[in-house]
Structure formats: C-alpha cells, structure tokens
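Enquirer: Structural data only, the sequence is not supplied:
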C-alpha cells in the first residue's frame, strides 16, 4: 500500500470515528413512536465506561428499571418514558457537554446523575439555567446543595438540583464515630485522591475524628489512575497507624488495600460510599477482608420494597453494581416520574413543563425502595440514614445503620 | 524503624518494571527513530495474553507450571501485536514525515485500549490476576513480595540475554549496524526490514514479561494499565538516553527510586509538606528528567544525539 493512500484512509477513519462519537450525544431525538402517547425522556449522566463505571452502570440501569415499571404500570397516563444515558467518563468537562446535550433535547424533562461530585459542579449551572431538574443518586459533597460556605452559612446555589444521597458532612462524621467509638481506633492515616468527593470526605473524617479525641498518624494524596502504592503503604505501616482512611473511589482503593496488606500492615482500610462496590472485593480478593465502608441509606437488600427491584436487575442481567446507588437511582427517577405525572396531563406537555417539574420535585413525598423520599429546602434528602459495611467472608455485611447529627 | 532500605527496594522494583517496558521504546527508536507510543498497550496486551492462558488452564494447575505457560502466552500475544503494528501501521509510513507514524502510534494506542476494553470479557474494570503461592520474604527490615522477586529475576535475566544477543549474535550485530546507518547497512547486505521486525518483537517480548510481572505484583490487570506505565517507561528511556538499551534499564531504575524517594521523604522536609507524597511523585520524577536533560541532553548513557534528532 502506498503511504499516501494509507494516510488518506487513516484520515477518513479518524474523521469517521469523530463523527460517530459526536453522534452519540445527538441521535435519538425521542419522538413519539406510539401515536397516542407522548414520549418523555429521562436523562442519565454517569461514568458508563472506564473509571467508576461499575457504580455508574448501576445508576443507568436503576433508572431503566424505574422507567420500565412506570411504563408497565402506566403511572402517568398518556406518557411513555424513555431513558437517554450519556457517559461522562467521570470527567467534569464531559459531564458539562452531556448536560448541554440533555438540555438541548426538548423531550428531556428530568435528569438522574451524575455519580461524581466533581462532575456535578460543572453540570449544575447548565441545568439550572434551563430549569431542568437534576437529581443525583450519589453526590455527597455538601457544597452542592448548601453552598460554598455550608459550614457557617448555608445557602442553596441551584434550585433545580436535588439528591437522594446524604452528604459527606454526615458520612465522614459517621465513619469517624464508628472508627473511634466502636472499633476503638486511636491513630488513623488519611489518604485521599484529590477529587471533590474524596478530598472533601477525607477532610470531614479528619476533623470529626480529631474532635472525638483521635490522632491522625499522617496524610497523603494519590492521583486517580495510580497503581503503585508501595512507597505509600510503607509509610503508613511505619507510622504506627491502626487504620487507613481513604477518601476516593474503588478504582484506587481496591489496589491500595491489597498492597497495604501485602506490605504486612494488619490494619483495615475504611472508605466512603465511592468504594462500596462488589468490584472492590472481587479485585482485592482476600486482602479486602475486614475492610470497612460507609454508604448512604440502609442496605438495599434489607428493604422489602427493593426485592422486586433486585429481582428485575438480576433477571435482566444488567451489568454494574446495583448495591451502591441502584435503589437511590430508582427513587430519583421515580421522583421525576411522579413530578411529570403532576405536570403532564393527558399527554399534553405545557410550555413551562421543566419549571413546573422542578417545583413538583421539591414537593415530592413518597415511600421509595431505599427509604422515604422527600427533599428539604436545600434539595437534600430528608432521609439521613447511613450504614457501615464491613467485608466478611468476601461480602459486604452491614454492621451498623443509623443517623448522624452533624451538630 | 528506618524505612530507607524498604523504600529503596520499592523504588528498585518499580524501576525494574519501567526498565523492562522502556527497552521496547528504546530499541525501536534506536533503529527506526520512531517513538512507538502504542508500546504501553503492547505491555497491556501481554498481561491480558498471560491471563487468558491462566483462565484456559484447568483450575488446579500449579503456579509453577502455569507461570511459564502464561509467560509464553503473554509473549505470543504481545509479540504478535508489536509485529503486527510494525507491519500494518508503521511500515507503510516508513518514508513519510516523522509526524505521520507518531500520530499513527497514538491512534493505535487508543485502538488497542478500546479493543481490549470492549471485547475482552469483563475487562471494563480490573481483572484479577493469579498470584505466586510463596512469600513474602524478609531480608533485614526489607519485605519482599513474590511478585517483586519474579520482577527482579526476570529483569536481570532479560537484560543479560539481550546484552549478549546484541553484542555477540550475528543478528545483534546487524541491529547495531542498522542503528548506526540503515542505508549503508542495507548496502552491506543486511535485510533491514527483518531487523526492524526483530526490534519490535524483542520490545514486545520484554513488554510481555513486564505485563506478567505487573499482574503478579499488583494482583490485577486493566485495559488502561499501559497508559501511565508506558508514559513512565518512555520517560525512563529518555532519561537513560533513548536508543541505548542499558540506558533504558538504568533510566527505569533511577526513575523508580526517584519516585519512591519523593513519595517517602519530600514531605518530611520542613516547608515542603504540601509538595511531597504520592500525589507529587510524578512531578518530582519529571523535575529530575528536566534537570538531567539540562546538563546531559543525550540522557544518562546516551550518545550521538546530533544525528538523530
């Protein structure tokens, strides 16, 4: 083959690939395939490939099941719901592009997502300008709902943003309390991944743990995508810490815990909901035994209402982990569906439907599959349940559920 | 307890892996002056090739029997990918301007990553890699994992074999000749196309060994593992003097130790608390690279840069 023709082909392929990628966010305008029914699209934004994708897929299919249920039960007469899932790859800029694409699609009346707090910071403004309701099943950074100065003066930055997950202010404190009071840990080494979620959680854990009288043996930060933690775990081991607290996602912590135990440190790793995933145990194997994690809500499989959801998820053989946010995603989608039911009558979508739906979501109150669903004046869930899980015999076992008063 | 010996060891283990991968960059560059950015992905396919062999073997196979087979499987896959890349992606562009093969390499790297991501079963997240059933060992205060032992032994054996091969064998001398002057070498009757294929194959072979070592050391392989490792190995090759195989190994070791020292100790220097630790390790590694290149632009062991660049 002549070099020139090869360049031409490569260029053509590259151009083709770029066009295809661009299509991903533009195709599927919805439209009504059913003559009588109006199509309402519920957008999903989460990492569906790469980092964090196990939990991200759990969100996508949690919403899918909620939508399927609503269509089957005809929750909103005259409306057929559809899911439009976009992949943000856990990259804030991609999330913002997705938000713009969802806003531009007239059929989208609500969005579930994103997974990552750092991505959410880039999406809120876009949705708020368009009055499009956004409910995150998993964002836990306090400033998303309570403003930058949430510790001193709470003020809600975006009226269209809600979440079904509790905040890190509670999660970090809950973890610190459990580590100090129940596990009797005295010296903790704190590591985070420098992301909005991870760094925030680590900071809140640190301050609560100190307040309880615990000591911090040392702190360090890792980069997302790091694989070699041998130097770090040597430092942890030599610091004499009796626990390692990690603020971040399972992608790094599952490798970190293995190297920690391999280095001979017999201390557990404790993390937040970002690492509460079956993938964590699968990858870390036996070395994950005894590790802990807090997560939002009470365990999905202990709630009778969630049984059908889990059965549906398993029956459809959906990929990803439903355990972390699947239930919350289902509830977030249901909140949007219920709001749509109040606004769209007989399949007629009013001109200011998006604005009305934001108002309706604020008022929503129902018994979800992961607990009661309602939002306070900041858009936070009124369900402040948290649970500590521990790896026992290769499974996450709930060891303590409760609420935490940030005080 | 003094952590210096352990941290040095950590750095040397990490550096051995960088070195093994860096060989592939440096050999290819030495002969065709091409920076094969897809080499990190060749390393990754080596790891996945070995994993496939392990999965295919009956469940009760002893690791002693499985490991050589896994190495062979990883090597076959990585060498095939490397040679295939040379034949179908780089050779057609041999006469083209430098930028064309470079961009092709980046495209190939993305394509390989996505191929494994999409088509290898359950490769969307980490795939668990089997572990050697012995270790850890203690030498003084230093704790050594079985995976690290494999890594160091493999690195030493591979380097020695390569050194002898390049110096003493007929093919090895032909490689040296091609590296010095491809046109004259061809006039002297050396089949330069064959030599180039061999350079890619050896790079692939070393990458496969590194891929297996990676799996044994970290307990899992992932479709994107080649990105960061490849970047660091490329840095190691430049640090040691690109085109020089001993330089690649030395560069790898220096880089590994530098990262370990930066992670372990910089935060202890008063006033530097914010600039140390794992998150800054790469920054310090690149500071070192810049310093070395300022004073020795040809790298630690490099030579004859003028007629290359």
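Expert: Sure, I can see it. If you're wondering where the values come from, they're calculated on a predicted model, not measured in any experiment.

Enquirer: so residue A:220 makes contact with residue A:231?
Expert: No: contact criterion Cβ atoms under 8 Å: residue A:220 and residue A:231 do not qualify, at 9.6 Å. Glycine gets a C-beta too; all of them are placed from N, C-alpha and C.

Enquirer: So for these two, which residues contact both of them?
Expert: B:263, B:278 (Cβ atoms under 8 Å, 6 or more residues apart in numbering or on different chains).

Enquirer: Show me which of these two is the more surrounded one.
Expert: residue A:231 (28 against 22; other Cβ atoms under 10 Å in any protein chain shown).

Enquirer: and the more buried one, backbone torsions?
Expert: Main-chain torsions, residue A:231, degrees, to the nearest 10: phi -70, psi -40.

Enquirer: gap between the nearest residue to residue A:271 once chain neighbours are set aside and residue A:301?
Expert: Nearest non-adjacent residue to residue A:271, counting by Cβ to Cβ, 6 or more residues apart in numbering or on different chains: residue A:246, 4.5 Å away. Separation of residue A:246 from residue A:301 (Cβ to Cβ, to the nearest Å): 25 Å.

Enquirer: ok, these two, which is more surrounded?
Expert: Neighbours around residue A:246 and residue A:301, counted as other Cβ under 10 Å, are more numerous at residue A:246. The numbers are 29 against 14.

Enquirer: That one reaches residue A:197, doesn't it?
Expert: No: if you go by Cβ under 8 Å, residue A:246 and residue A:197 don't touch, sitting 11.7 Å apart.

Enquirer: just to revisit the earlier point, now do the SS call for the residue nearest to residue A:271.
Expert: Secondary structure assignment for residue A:246 (DSSP: H, G, I helix; E, B strand; the rest coil): strand.

Enquirer: same deal with residue A:389?
Expert: strand.

Enquirer: which SSE is the most centrally placed residue in chain B in?
Expert: In chain B, the residue lying closest to the centroid (Cα atoms, centre = their mean) is residue B:21, at 0.6 Å. Assigned by DSSP states H and E, residue B:21 belongs to helix B:4-32.

Enquirer: cool, and residue A:396?
Expert: Assigned by DSSP H and E, residue A:396 falls in strand A:395-403.

Enquirer: May I see the buried residues of that strand?
Expert: Under the neighbour-count criterion of 16 or more other Cβ atoms under 10 Å in any protein chain shown, strand A:395-403 has A:396, A:401 buried.

Enquirer: what mean pLDDT would you report for it?
Expert: What strand A:395-403 shows for mean pLDDT is 91.

Enquirer: and for that strand, what are the contacting residues?
Expert: A:170, A:174, A:178, A:182, A:276, A:278, A:281, A:292-293, A:298-299, A:302, A:323, A:384-391.

Enquirer: Now go through the residues you listed and say which are in strands.
Expert: A:292-293, A:385-391 (DSSP state E).

Enquirer: which one of those is nearest chain B?
Expert: Closest approach between the ones in strands among the contacts of strand A:395-403 and chain B, by Cβ to the nearest Cβ: residue A:391, at 15.3 Å.

Enquirer: Specify the beta-bridge partners of the closest one.
Expert: Judged by DSSP bridges, the bridge partners of residue A:391 are residue A:396.

Enquirer: quick one: which of the ones in strands among the contacts of strand A:395-403 has the most company?
Expert: residue A:293 (26 neighbours).

Enquirer: Does it touch residue A:284 like I think?
Expert: No: in this structure, residue A:293 is not within contact of residue A:284 by Cβ under 8 Å, at 11.9 Å.

Enquirer: wait, the residue nearest to the centre of chain B sits on residue B:207?
Expert: Yes: the criterion here is Cβ under 8 Å, and residue B:21 meets it with residue B:207 at 5.7 Å.

Enquirer: which stretches of the chain form helices?
Expert: All of this refers to chain A. Along chain A, the segments classed as helices by DSSP state H run A:3-26, A:53-73, A:92-104, A:117-129, A:143-146, A:168-177, A:196-211, A:230-238, A:250-262, A:278-284, A:307-315, A:322-343, A:353-363.

Enquirer: my bad, the chain I had in mind was chain B
Expert: Under DSSP H, chain B gives helices at B:4-32, B:39-56, B:63-85, B:99-119, B:146-168, B:170-180, B:182-187, B:192-218, B:225-240, B:245-265, B:281-295.
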